[in-house]
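> show me how the following folds:
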Amino acid sequence: MSTTQSRADGATTGHLGHVVMIASAAALGGFLFGYDTSVINGGVDAIQAHFNVGSALTGLVVSSALLGSAVGAAIAGGLADRIGRIRVMQIAAVLFVISAVASAVPFAIWDLAIWRIVGGIAIGIASVIAPAYIAEVAPAAYRGRLTSLQQLAIVLGIALSQLVNYGLAAAAGGSASNLLGPLQAWQWMLGVAAVPAVVYLVVSSLIPESPRYLVAAGQVDKARTVLAKIEPGDPDSKIDEIRAALGERKPKLSDLRGKFGVLPIVWVGMAIAALQQFVGINVIFYYSSSLWQSVGIQESDSLLLSLFTSIVNIVGTFIAIALVDKIGRKPLLVIGSIGMAVSLAVTGWAFSFAQVVGEDAVLPPGWGVVALISASAFVLFFASSWGVVMWVLLGEMFPPRIRAAALAVGTMTNWVANWLVTVSFPSMRDWNLPATYFMYALFAVISLVFVLRYLKETNGRSLEEMGS
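Predicted coordinates:
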């Protein structure tokens with residue numbers, strides 16, 4: 001290898017190292033997304049007892065963050081195009097801090113609901129801006145792996161929130177309702193989320209603005225400086241390429257309009273986002289306690305019950321990170337859809353042997369093992385495909401001129417679908433639990449057909465080539 005080639009390779013390695021650092025910093029929004037979404041689960045019973053309210057109202061308060069997330073996702077794209085990606089990250093961080101502190105000291109259940117909605121708005125904003133920013137600073141060859149940091153951060157946030165909840169409850173004598181200093185343990189659980197939020201605020205203030213936003217905003221000199229640090233080659237030729245892809249005018253929400261309401265590529269993104277939730281990922285372990293008890297694990301071992309799913313999630317995410325740039329987005333989704341369809345069908349079949357009464361499902365030991373294995377397999381297939389690839393695709397699949405707005409619409413669709421699945425599951429469970437899981441399996445089959453027919457591979461293409 002020549003000396004010149006060695007220097008070029010070294011420069012490329014240096015650029016990549018810088019991009020990995022700033023992408024990891026941006027992915028902290030995903031960590032807060034996962035942490036804030038999951039942390040309240042450790043205090044649900046304590047919150048209900050503290051405010052002396054029924055389970056329906058408690059459930060409404062807990063799920064209110066989902067609707068806030070849809071609002072946050074809806075406004076994030078427009079904000080990102082107007083004031084920049086970094087400013088939007090900072091707004092999300094401030095909202096996370098406010099929500100965490102205020103949620104820890106509510107004076108009424110409706111007050112808690114308001115601050116959960118504020119936190120949800122922050123989650124929605126973070127879920128849009130992290131994949132958008134990472135996709136815009138990442139080299140095409142590594143974009144899938146770097147954008148996957150968003151999902152990795154989410155599952156790590158979920159896992160850490162469970163560990164923190166367990167530690168705080170243990171320190172308070174084993175119950176989230178017990179006092180730990182001046183506050184009950186559940187209040188500390190919600191308040192501690194302010195710590196990573198402050199870190200996110202500081203870190204987001206230290207990373208550079210997206211060069212593609214800078215070009216769109218006419219700040220070409222700043223864009224040139226950023227590009228010189230994150231991409232090898234001539235920054236000016238890249239700026240010309242970005243300008244050509246952006247067009248002559250600033251992006252508007254109306255640019256999404258098409259013959260059938262929105263552009264076909266936006267419909268594809270919305271469908272991918274909705275299908276990721278319609279396979280039932282957020283309710284598959286609704287009966288996790290029952291499944292574990294059916295194979296001899298005590299319900300009191302709550303840390304094991306919750307951490308097991310998180311570990312499977314993390315393992316699956318690392319598999320996706322390893323494969324997403326090697327085999328491509330589309331093959332990974334196809335494999336995931338097939339695996340999810342089979343595992344969901346087996347889970348539904350196993351639950352056909354269960355006696356279900358409300359939140360308890362009693363399975364014969366043999367079928368309990370089958371259901372536990374198949375449900376865990378579903379989580380693994382999801383995490384190693386759709387859990388990661390949806391965020392990668394939404395961050396990269398849209399033409400540059402509409403990327404932020406289209407990503408916002410796709411993410412909002414994901415949150416609305418999440419809410420629909422969450423609120424519909426109890427009624428469907430009471431109607432027919434096995435049929436519910438078979439329906440999720442059907443959506444997995446639909447996701448397979450949709451990917452094969454409508455999704456174009458984006459692996460290895462520059463962002464400026466998208467939409468062509």
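
> only C-alpha atoms from now on, for both contacts and neighbour counts.
Fine.

> can I assume residue 74 is in contact with residue 406?
No - using Cα atoms under 8 Å, residue 74 is not in contact with residue 406, being 9.7 Å away.

> which of these two has more neighbours?
Here residue 74 and residue 406 are set side by side on neighbour count (other Cα atoms under 10 Å), and the busier one is residue 406, at 31 against 24.

> how many residues are close by the closest residue to residue 353 other than its chain neighbours?
Among residues not flanking residue 353 along the chain, residue 363 sits closest, at 6.4 Å (Cα to Cα, 6 or more residues apart in numbering). Residues near residue 363, counting by other Cα under 10 Å, number 22.

> gap between residue 363 and residue 218?
Noted for residue 363: a distance of 63 Å to residue 218, by Cα to Cα, to the nearest Å.

> same question for residue 236.
If you go by Cα to Cα, the gap between residue 236 and residue 218 works out to 14 Å.

> who has more neighbours, these two?
The neighbour comparison of residue 236 against residue 218 (other Cα under 10 Å) goes to residue 236, with 15 against 12.

> how about that one: what's its closest non-neighbour residue?
Of all residues not flanking residue 236 in the chain, residue 224 sits nearest, at 6.8 Å (Cα to Cα, 6+ apart).

> that neighbour touches residue 233, doesn't it?
No - contact criterion Cα under 8 Å: residue 224 and residue 233 do not qualify, at 11.3 Å.

> ok, these two, which is more surrounded?
Applying other Cα under 10 Å to residue 224 and residue 233 shows that residue 224 carries more neighbours, namely 19 against 13.

> and that one, how far from residue 212?
To residue 212, residue 224 is 10 Å away according to Cα to Cα.

> what about the stretch 251-400 of the chain, any weak spots by pLDDT?
For the stretch 251-400 of the chain, the stretches flagged by pLDDT under 70 are 251-255, 285-306, 356-361.

> now the strands for it?
Using DSSP state E, counting those that start in this stretch, the strands assigned to the stretch 251-400 of the chain run over residues 355-357, 360-362.

> pLDDT weak spots in the stretch 1-150 of the chain?
The model of the stretch 1-150 of the chain has pLDDT under 70 over residues 1-14.

> can you give me the helices for the stretch 51-200 of the chain?
Taking DSSP state H, counting those that start in this stretch, the helices of the stretch 51-200 of the chain run over residues 55-83, 85-104, 109-137, 143-147, 149-171, 185-191, 194-204.

> rebuild those as JSON lines, extending it with distance to residue 457.
Formatted as JSON lines, those follow (distance: least, Cα to Cα, whole Å):
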{"stretch": "helix 55-83", "distance to residue 457": "24"}
{"stretch": "helix 85-104", "distance to residue 457": "26"}
{"stretch": "helix 109-137", "distance to residue 457": "15"}
{"stretch": "helix 143-147", "distance to residue 457": "12"}
{"stretch": "helix 149-171", "distance to residue 457": "20"}
{"stretch": "helix 185-191", "distance to residue 457": "41"}
{"stretch": "helix 194-204", "distance to residue 457": "31"}
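
> looking at those helices, spot the one closest to residue 435.
Go through the helices of the stretch 51-200 of the chain one by one with Cα to Cα and the one that ends up closest to residue 435 is helix 55-83, at 23.7 Å.

> now the closest one: buried residues?
With burial defined by 16 or more other Cα atoms under 10 Å, the residues of helix 55-83 counted as buried are 58, 61-82.

> same check on stretch 173-191?
Neighbour-count burial for stretch 173-191, counted by 16+ other Cα under 10 Å, picks out 175-180, 184-191.

> tell me the mean pLDDT over it?
For stretch 173-191, the mean per-residue pLDDT is 91.

> same check on stretch 196-209?
95.

> contacts for it?
22, 25-26, 28-29, 32, 84-86, 89-90, 93-94, 96-97, 226 (Cα atoms under 8 Å, 6 or more residues apart in numbering).

> out of those, which comes closest to residue 329?
Of all those, the one sitting nearest residue 329 is residue 26; the distance, using Cα to Cα, is 21.7 Å.

> just give me the neighbour total for that closest one.
Neighbourhood size, residue 26 [other Cα under 10 Å]: 29.

> again with the one 10 residues further on
Residue neighbour count, defined by other Cα under 10 Å, stands at 30 for residue 36.

> Provide a list of residues in contact with it.
The neighbours of residue 36, taking Cα under 8 Å, 6+ apart as the test, are 119, 123, 157, 158, 161, 190, 193.

> just put those in a markdown table and tack on distance to residue 438.
Shown next, in a markdown table, are the contacts of residue 36 (distance: Cα to Cα, whole Å):
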| residue | distance to residue 438 |
| --- | --- |
| 119 | 33 |
| 123 | 30 |
| 157 | 30 |
| 158 | 27 |
| 161 | 31 |
| 190 | 36 |
| 193 | 37 |
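
> residues of stretch 441-459 that come out buried?
Going by neighbour count (16+ other Cα under 10 Å), the buried part of stretch 441-459 is 441-448, 450-451, 455, 458-459.
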